[in-house]
Structures are given as C-alpha cells and as structure tokens.
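Visitor: fold the following and give me the result.
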Amino acid sequence: MWQSVYDGPKERQNSRITRPKVLLVVGHPSIGAALETLLRIEDRFEVRRAQSIEQAVAGLDGWTPDLALVDGVLVPSGRTEELAMPAIVLSGNAADGKRLGPRFADGRGWLRKDATADELRVAVDRVLGGRRPWARRGQGSRGSPLLAVVLVGLVVIAVAVALAWYLLRLRG
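Guide: Residues are numbered from 1 along each chain as shown. Here you go, the predicted model:
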C-alpha cells in the first residue's frame, strides 16, 4: 500500500477523457479568433480553424472534428455541402440562418455570429448530445450557488463549534 499518488504504479489507471473537437470555418481572422476564444474559455472543446469550406473538406492533417461551426458568408448558393461532420451555420439573423442551414448534408441549425460563450456551449452540447456524459445538463461545469453557500456555512459552523469546544477545555 502506498501513501501518495507519486509512490504508486506508473501505468495509467484511468481511461482518457477527450474533449469534443470543434472546427470553426470562418474566413475573417478577427471573427475566427474571437469565436475560438469564446469556445476555449472553459477549456471544454478542442478547437481548430479553417478559412474556407474547401479547406475543411480537404482535411486537417488527420484531425477529425465532431462538429463544424460555419460562417454563413462562406456558404455558396445553389449546392449542398458535404462535410464529414454535423454543421451549425453562423448567421447574422434568423432568416439567413434558416435559409443556409439546409445547404449542409448534416446541417443542425443556425446560431448568431455574435453568440455568447454560453450560447456556443449550449449549441455544441445540444448537437453532440450524449457524447459527453461527464458534463452537467443545463449548468455546464458549474455547480449550484446555493449548494456552495450551504457548504461554506457548514464549514464555518464546524470551525466555530471546534473553537468553542477547545476554549471550554482550556477553562477546565
């Protein structure tokens, strides 16, 4: 029996948990960087960018995304795009988003280009469904604020009781 995790066996005893892979297909570098930053905030997703649909179709050196977020400006008119993964169209308004979504073989809807980090996370989680069993539904990785307050309160009470008991023992 060992006392520390450093004293134990060196082989891995847990399975590797991988983060979902999200491909951003955005032509404008600043918009792509902003969306990438929003997706990386909680370090929940592995994110890469492509500047065109052709670049996304051509492949990314063996990296296979689980989902693509595609800027609606890059979607050509009159043809269906064949991406190897589900796609969400990023659009400025609902009319364009609903019009462009069906142009993908596995289109999964649309999302505003100016979506917040939470909106992006919820959209990705919705599309990927049950692939992430360790994530909490509706709250991401955050717990309940009420639970945190109750736990802190219990710790404060326990410390106060221990301190009172110690002071009473000193008095004799």
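Visitor: now the helix-or-strand element of the chain with minimal mean pLDDT, how far from the centre of its chain.
Guide: When each helix and strand of the chain is scored by mean pLDDT, DSSP states H and E, helix 53-58 comes last, with a mean of 83. The chain centre lies 23 Å from the centre of helix 53-58; the measure is C-alpha atoms, centre = their mean, to the nearest Å.
Visitor: what do you get for stretch 46-64?
Guide: 18 Å.
Visitor: got the contact list for that stretch?
Guide: Residues from elsewhere that reach stretch 46-64 (C-beta atoms under 8 Å, 6 or more residues apart in numbering): 18-27, 32, 36, 39-40, 65, 68, 70, 74-76, 81-85. No exception for glycine: its C-beta is placed from N, CA and C like everyone else's.
Visitor: leaving out sequence neighbours, find the closest residue to the residue most central in space within the chain.
Guide: Nearest to the mean C-alpha position of the chain, counting by C-alpha atoms, centre = their mean, stands Arg44 at 3.9 Å. Closest residue in space to Arg44, ignoring its immediate chain neighbours: Arg19 at 6.2 Å, by C-beta to C-beta, 6 or more residues apart in numbering.
Visitor: quick check on the residue nearest to the centre of the chain: phi, psi?
Guide: phi -90, psi -20 (degrees, to the nearest 10).
Visitor: make 855 the starting number, not 1.
Guide: Happy to do that; since the first residue is 855 now, the last one works out to Arg898.
Visitor: all helices of this protein, in order?
Guide: 883-894, 907-912, 948-954, 971-982, 999-1025 (DSSP state H).
Visitor: hey, C-alpha coordinates of the first one in PDB?
Guide: In other words, helix 883-894. Extracted C-alpha coordinates of helix 883-894, given in PDB (Å, rounded to 0.1, in the frame of the first residue of the first chain):
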ATOM      1  CA  PRO A 883      -9.300  36.200 -39.000                       C
ATOM      2  CA  SER A 884     -10.600  38.500 -36.200                       C
ATOM      3  CA  ILE A 885     -14.000  36.900 -36.100                       C
ATOM      4  CA  GLY A 886     -12.400  33.400 -36.100                       C
ATOM      5  CA  ALA A 887     -10.100  34.400 -33.200                       C
ATOM      6  CA  ALA A 888     -13.000  35.800 -31.200                       C
ATOM      7  CA  LEU A 889     -15.100  32.700 -31.600                       C
ATOM      8  CA  GLU A 890     -12.100  30.500 -30.900                       C
ATOM      9  CA  THR A 891     -11.500  32.400 -27.700                       C
ATOM     10  CA  LEU A 892     -15.200  32.000 -26.600                       C
ATOM     11  CA  LEU A 893     -15.000  28.300 -27.200                       C
ATOM     12  CA  ARG A 894     -11.800  27.900 -25.300                       C
END
